[in-house]
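[1] Take a look and give me a structure for this.
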Amino acid sequence: MKNILKLAFGTTLFFSAWASAHVGLTSSSPEDGATLSESPTEITMNFSGDVRLARIMLHSDDGNEIAVKNNLASGGYTVYWTAMGGDSHKISGDFSFEVK
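    Take a look at the predicted model:
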């Protein structure tokens with residue numbers, strides 16, 4: 001029984017350390033789900049550690065890719081991103097916002 005508890009405890013420590021070692025998106029501007037009264041002048045992302053951004057794409061709700069530098073018309077938008085964490089772990093995600 002003691003060995004099973006040691007194994008369970010060791011496994012829990014391993015996976016909790018592994019999960020916390022990876023970098024993730026902590027916040028963005030615009031925030032996920034935000035409704036803006038005008039086009040944002042910039043899109044920013046904050047991560048829990050150092051990352052190297054590999055790709056950022058902005059898509060309108062109709063699925064078309066939009067140049068990030070464009071003044072955005074009214075509608076919904078999704079930012080798709082891919083980055084490399086300091087531990088060489090590839091991470092990706094997305095967040096959406098709307099311009100009224």
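[2] Who are the contact partners of residue 86?
    By C-beta atoms under 8 Å, 6 or more residues apart in numbering, residue 86 lies in contact with 23, 49-51. Using the backbone N, CA and C atoms, a C-beta is placed for each residue, glycine as well.
[3] now the chain, which segments are flagged as low pLDDT?
    By pLDDT under 70, the weakly predicted segments of the chain are 1-21.
[4] Check the burial of residue 77 by counting its neighbours.
    21 (other C-beta atoms under 10 Å).
[5] Apologies, that question was intended for residue 62.
    7.
[6] Check the secondary structure at it for me.
    Using DSSP: H, G, I helix; E, B strand; the rest coil, the secondary structure recorded for residue 62 is coil.
[7] And for the one 10 residues further on?
    Three-state assignment for residue 72 (three-state DSSP): coil.
[8] so who does it touch?
    Here residue 72 is in contact with 39-40, 66, 99 (C-beta under 8 Å, 6+ apart).
[9] quick one, what contacts residue 36?
    Applying C-beta under 8 Å, 6+ apart, the residues near residue 36 are 30, 97-100.
[10] can you tell me how far residue 58 sits from residue 64?
    The spacing between residue 58 and residue 64, counted by C-beta to C-beta, to the nearest Å, is 10 Å.
[11] Alright, calling it a day.
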